[in-house]
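Curious how this folds, go ahead:
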Amino acid sequence: MPHAPTHKAGRHRLALAAALAIAGPLAAAAPASEPVAYTAAVADEPAPRDESWPGTIGLAVDASDLDHRVQRVEEVLSVGPGPLTLLYPRFLPGTHGPYGDIANLAGLRITSDGGRPVDWRRDLVDPYAFHVEVPAGASALRLRFEHVSTPRGGQGRTEMTSAILGVEWDEVVLYPAGRYASAIRVQPRLKLPSGWQQASALRDARGEVAMPGADGWVSFAEASLETLVDSPLFAARTLKRIPMDPPGTAHPVMLNLVADETSQIEPSDKQLEAHRALVAQADKLYGARHWRHYDFLLAVSDHFGGIGLEHHESSENGVRGNYFTKDWAKNIGPRTLLPHEYTHAWNGKFRRPADLWTPQFNVAMRNSLLWVYEGMTQYWGHVLTARSGLASVEQMRDNLANTVAYLDHRPGRVWRNLQDTTNEATMAAQHGHAWRNWQRGADYYDEATLIWLDADTLIREKSGSARSLDDFARAFFGIASAFQADGSPKPVTYAFDDVVETLNAVQPYDWARFLHERLDTHRPGAPLDGLARSGWTLAWTDKETEFAKNAEGWGGADGHERPADFAYSLGLLVFGDGKIDTVLWDSPAFKAGLAAGETVIAVNMEAYKDEKLAAAVTANKDGHAPVQILVRDDDRFRTVTIDWSGGLRYPTLERIDGTPDRLSAIYAPK
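Presented below is the predicted three-dimensional model:
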């Protein structure tokens, strides 16, 4: 089934000081890469420079108004007289594009010393920039505004419910232009509803988990704006903290659970063992931890919005309320989420593409290496899911079969290569795609997993199984950590040539050509050399795998039911009420004139049910009983005959006789 599913002014250089973590002839220094020198996007907006902003910004956020789902902000910053530009974060780390929503900022009022009102003017080109003329004699400005959360039943992710709330610091801060985010210091405070607790990567002044006072206010240690925005917060009435490491472990990992009800976060010993194994297997893969402490933030809820977003010292994760309570042996789809976001602590947050690093949050990102940042993370996330026992090897093979099948049905590859899909986030492509397999989307996630499977199996084959992509992971991501002057973690950037050089250190080969052939060409069909080299091939069956049958839509309040899957027979996905979710470009359904959004009323003149459509597809295997459906398109009804006699088809993987089973070796725990 097709998937819906961060110095001195000028150029910034981050040196790679450590040697690759492979002994003997593989050892080589990882070269440093320089991010692009950026200028301001707007003439009135000063270019950012690595120069400290005078004083510390005081930031107080009152998130206790659950009735109205409003977070009230008061901010104080030191200033001098003259022009000042304030920015609202627009290009958000982890989203790779302009996903900050200025429309949710309301009620902006600015006063100077003594409470004198100060006018502001929004930039005519950049609506995320506010221009202020600081009056003579003023030494500070006080800003007040509200972040208006998504209303009940509205569009967008739900961030506040009666049981759980999330604080995204990028949504509740305005910051001065002209400085790096790492050079702006912030003193944050947060008010919680009575009796609530919070979880985040932020700590108090003692370096401990910050606890609310009697008045509900939580005080955090001073941090840079860069660290603050990279440290979101979950809070709830029901919160459970579970250590993932033995006591005394350096750079410890904590699993923080919030939920609608306590019964939803009572994991069994087996479930906790798998989550702890994820941490242990990642240690074996990467060989180093590049943080002070790490916090999984996991919301288990049917009302709080689903999410999966990486941060250097934490990750935001939202799944449905049945994450721990649904049949653990079957419901594995959401369990690939934590391995993916945890991997980002190494790939994307510590090691970061040079052209994706930006000095602050209103400079556009460049995403040319997302096939490493996200694609390799997707690969390792799935591998770690299997190695940890969060899913079985068989389930991850079935997951891979689904991925291979939908990517192999991507005719859009003939006009749009994989490298171009890395521009998807900067195109603000959250609006969806009417014809996704023709338009393509963020294919750099899943198609790049096939590229990295190809690379992994090629290294194994050429080295006689002496080396693998695991060696690349340790060499590339296991180098010495880098930290800012305040002790917070600091990214180390890389470019295409750094990836190629490290691959060559692991296994000599023409890796530049290997990658360009898979990124820049328009070959039809998914890149399946790695699948074959792994000892498996894509096959078809008339019954869905147990993995597919137990799949569910994305979790949280924003989730959807799973449509019935006729993608590889008729070429469509349809919900239980007959509403067509997807039609594949150039499929039998497409050729019959069907499109997403229409509703199937009847199958062979009987009221629509998934089972009846499946039976009709099966009955036409000899071509003598064409599938006829009655379709409603707005107020128009029409009868459509779909020309397909190949029966039901669902993807699976089959062993290739006489070949080594490298896929099982890849998924095996270390």
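
Which residue ranges of the stretch 51-200 of the chain form strands?
Taking DSSP state E, counting those that start in this stretch, the strands of the stretch 51-200 of the chain run over residues 56-65, 70-78, 82-87, 91-92, 97-98, 105-112, 116-117, 120-122, 129-134, 140-148, 164-167, 175-176, 185-191, 197-200.

With the stretch 301-450 of the chain instead?
Ranges of strands within the stretch 301-450 of the chain are 307-310, 314-319, 351-353, based on DSSP E, counting those that start in this stretch.

So which of the ones you listed is nearest E226?
Shortest distance between E226 and those, using C-beta to C-beta, is found for strand 351-353: 12.3 Å. All C-beta spots, glycine's among them, are computed from the backbone N, C-alpha and C.

for the strands of the stretch 51-200 of the chain, which one sits closest to V363?
Closest to V363 of the strands of the stretch 51-200 of the chain, according to C-beta to C-beta: strand 91-92, at 6.5 Å.

now that closest one: how far from the chain's centre is it?
Remark: strand 91-92 is offset 13 Å from the chain centroid, using C-alpha atoms, centre = their mean, to the nearest Å.

what does stretch 650-668 give?
Taking C-alpha atoms, centre = their mean, one finds stretch 650-668 lying 28 Å from the centre of the chain it belongs to.

That one - what's its average pLDDT?
The pLDDT scores in stretch 650-668 average 98.

and for it, what are the contacting residues?
Contacts with stretch 650-668, where a contact means C-beta atoms under 8 Å, 6 or more residues apart in numbering, come from 383, 386-387, 393, 396-398, 400-402, 404-405, 453, 456-457, 460-461, 465, 468, 531-545, 548, 565, 568.

what about 7 Å?
For stretch 650-668, contacts defined as C-beta atoms under 7 Å, 6 or more residues apart in numbering pick out 383, 386-387, 393, 396-398, 400-402, 404-405, 456-457, 460, 532-541, 543-545, 548, 568.

Return the most buried member of the strands of the stretch 51-200 of the chain.
Mean neighbour count (mean count of other C-beta atoms under 10 Å) peaks for strand 164-167 among the strands of the stretch 51-200 of the chain, with a mean of 26.

which helices and strands sit right next to that one?
Other elements packing on strand 164-167 under the criterion 3 or more C-beta pairs under 7 Å, 6 or more residues apart in numbering; DSSP states H and E are strand 56-65, strand 233-236.

Turn those strands into TSV, columns for distance to A183.
Formatted as TSV, those follow (distance: least, C-beta to C-beta, whole Å):
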stretch	distance to A183
strand 56-65	12
strand 233-236	23
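
Let me know which of those strands is the nearest to G114.
Closest to G114 of the helices and strands packed on strand 164-167, according to C-beta to C-beta: strand 56-65, at 17.2 Å.

Would you mind writing the CA trace of the closest one as CSV?
What follows is strand 56-65, C-alpha atoms only, in CSV (Å, rounded to 0.1, in the frame of the first residue of the first chain):
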residue,chain,number,x,y,z
THR,A,56,19.5,37.7,28.2
ILE,A,57,16.0,37.6,26.8
GLY,A,58,13.4,36.8,29.5
LEU,A,59,10.7,34.5,28.1
ALA,A,60,7.6,33.6,30.2
VAL,A,61,4.9,31.4,28.6
ASP,A,62,1.6,30.7,30.4
ALA,A,63,0.2,27.4,28.9
SER,A,64,-2.4,26.9,31.6
ASP,A,65,-5.5,28.0,29.5
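
which other residues reach it?
Here strand 56-65 makes contact (C-beta under 7 Å, 6+ apart) with 71-77, 165, 167, 172-173, 184-193, 216, 222.

Now it: average pLDDT?
Regarding strand 56-65, the rounded mean pLDDT is 98.

Strand partners (parallel or antiparallel) of it?
Strand pairing for strand 56-65, determined by DSSP bridges: strand 70-78 (antiparallel), strand 185-191 (parallel).

quick revisit: ok, which of the strands of the stretch 51-200 of the chain comes nearest P626?
Across these, P626 has its closest neighbour in strand 97-98 (44.9 Å, C-beta to C-beta).

circling back to that earlier point, export the strands paired with strand 56-65 as CSV, with columns for distance to P651.
Formatted as CSV, those follow (distance: least, C-beta to C-beta, whole Å):
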stretch, distance to P651
strand 70-78, 45
strand 185-191, 47
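
could the ones you listed go into JSON lines alongside mean pLDDT?
Below are the strands paired with strand 56-65 laid out as JSON lines (pLDDT from 0 to 100):
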{"stretch": "strand 70-78", "mean pLDDT": "98"}
{"stretch": "strand 185-191", "mean pLDDT": "98"}
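
To R276, which of these lies closest?
strand 185-191 (29.6 Å).

Just give me how far that closest one sits from the chain centre.
In this view, strand 185-191 has its centroid 26 Å away from the chain centroid, taken as C-alpha atoms, centre = their mean.

How about stretch 233-246?
Distance, stretch centre to chain centre, for stretch 233-246: 21 Å (C-alpha atoms, centre = their mean).

And for stretch 230-247?
Counting by C-alpha atoms, centre = their mean, stretch 230-247 is centred 19 Å from the centre of its parent chain.

Go through that stretch and flag the buried ones.
By neighbour count with 16 or more other C-beta atoms under 10 Å, stretch 230-247 contains the buried residues 230-240, 242, 244-245.

Confidence-wise, which of the residues you listed comes last?
Note: of these, the lowest pLDDT belongs to T238, at 91.

Contact partners for it?
A163, V258, A259, E261, T262, I265.

Flag the shaky bits of the stretch 401-550 of the chain, pLDDT-wise.
428-431 (pLDDT under 70).

show me where it has helices.
In the stretch 401-550 of the chain, the segments counted as helices under DSSP state H, counting those that start in this stretch are 418-421, 436-439, 446-462, 469-477, 496-506, 511-519, 529-533, 546-549.

contact partners of the last one?
Judged by C-beta under 7 Å, 6+ apart, the contacts made with helix 546-549 from elsewhere in the structure are M1, K330, I332, Q395, D398, N399, N402, Y650.

distance of the nearest residue to G530 once chain neighbours are set aside from F472?
Nearest residue to G530, sequence neighbours excluded (C-beta to C-beta, 6 or more residues apart in numbering): D454, at 3.1 Å. Taking C-beta to C-beta, to the nearest Å as the measure, D454 and F472 are separated by 13 Å.

residues in contact with the residue nearest the centre of the chain?
Nearest to the geometric centre of the chain sits L309, at 4.4 Å (C-alpha atoms, centre = their mean). For L309, the contacting residues are G94, S315, E316, E341, by C-beta under 7 Å, 6+ apart.
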